[in-house]
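Participant: my questions are about this predicted structure, shown below with the sequence.
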Amino acid sequence: MAVPWSRSAGPDRPGRNVSGLSKVLYPGSFDPLHNGHVEIIELSSRLFGDVTVAAMVNREKPGFFPLQERLALIEESVAHLPGVSVSAHEGLVVHVAQALGVDFVVKGLRATSDFEIEMQMAQMNKAVTGMETVFVPAGSAVGFLSSRWIREIAAEGGDVSALVPAPVARALKERYGA
Ligand code: ADP
């Protein structure tokens, strides 16, 4: 007999796309994009009608992948997802969210450490600008991923190809020859 929870999505049963009219911003450094980010973008694409993945740039910190390459890698990695666009922005996330006229900012949560800072930021943004934040939990298989560890492991010749989208794996390989 079917139990109610057996109706949810599973490996053999992809979740329905319920995207509506809402527009969201998913900000991050994505330096580089990894599979934890991709899961959040995939879910956002199913939930929301219009998803902007915003690579946030700090002029003083050029980052690991040059911006144009970082953007190209994100674009290639999410090209299969409907309603998703990619752009680069400077300054405060909340200002970008307002300028783009989004309904929500999406943030991924890995551990309680993410929760504490993100909760405070979400409440601050709401108090100052009225902008709402939606939290998406990290998938259990990717919740340990961070761009910093991807960079460090790849730099030491480790194989991270199972942890990042194929275009990113290729770019890391080109850089480190690993
Ligand atoms: P990282 O911490 O990997 O450098 P970013 O700063 O680019 O990543 O993070 C952008 C957004 O993605 C943030 O909301 C962050 O909480 C979320 N995020 C980062 N890593 C993961 C993960 N492994 N699973 C789910 N969400 C994640």
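Facilitator: Yep, that arrived. These numbers come from a predicted model, not from an experiment. Numbers count the residues shown, from 1 in each chain.

Participant: average pLDDT across stretch 79-87?
Facilitator: For stretch 79-87, mean pLDDT is 96.

Participant: is the ligand within reach of that stretch?
Facilitator: No. Stretch 79-87 does not reach the ligand (CB under 6 Å from any ligand atom); its nearest approach is 12.9 Å. In this view, the C-beta of every residue, glycine as well, is placed from N, C-alpha and C.

Participant: may I have that stretch as PDB, with CA atoms only?
Facilitator: Provided in PDB are the C-alpha atoms of stretch 79-87 (Å, rounded to 0.1, in the frame of the first residue of the first chain):
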ATOM      1  CA  ALA A  79      22.500  25.900 -19.700                       C
ATOM      2  CA  HIS A  80      20.100  22.900 -19.400                       C
ATOM      3  CA  LEU A  81      17.900  24.600 -16.800                       C
ATOM      4  CA  PRO A  82      14.900  26.600 -17.900                       C
ATOM      5  CA  GLY A  83      14.500  30.200 -16.700                       C
ATOM      6  CA  VAL A  84      18.000  30.600 -15.400                       C
ATOM      7  CA  SER A  85      20.300  33.500 -16.300                       C
ATOM      8  CA  VAL A  86      23.800  34.400 -15.100                       C
ATOM      9  CA  SER A  87      25.300  37.800 -14.500                       C
END
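
Participant: in that stretch, what counts as buried?
Facilitator: 81, 83, 84, 86 (16 or more other CB atoms under 10 Å).

Participant: good, we can wrap up now.
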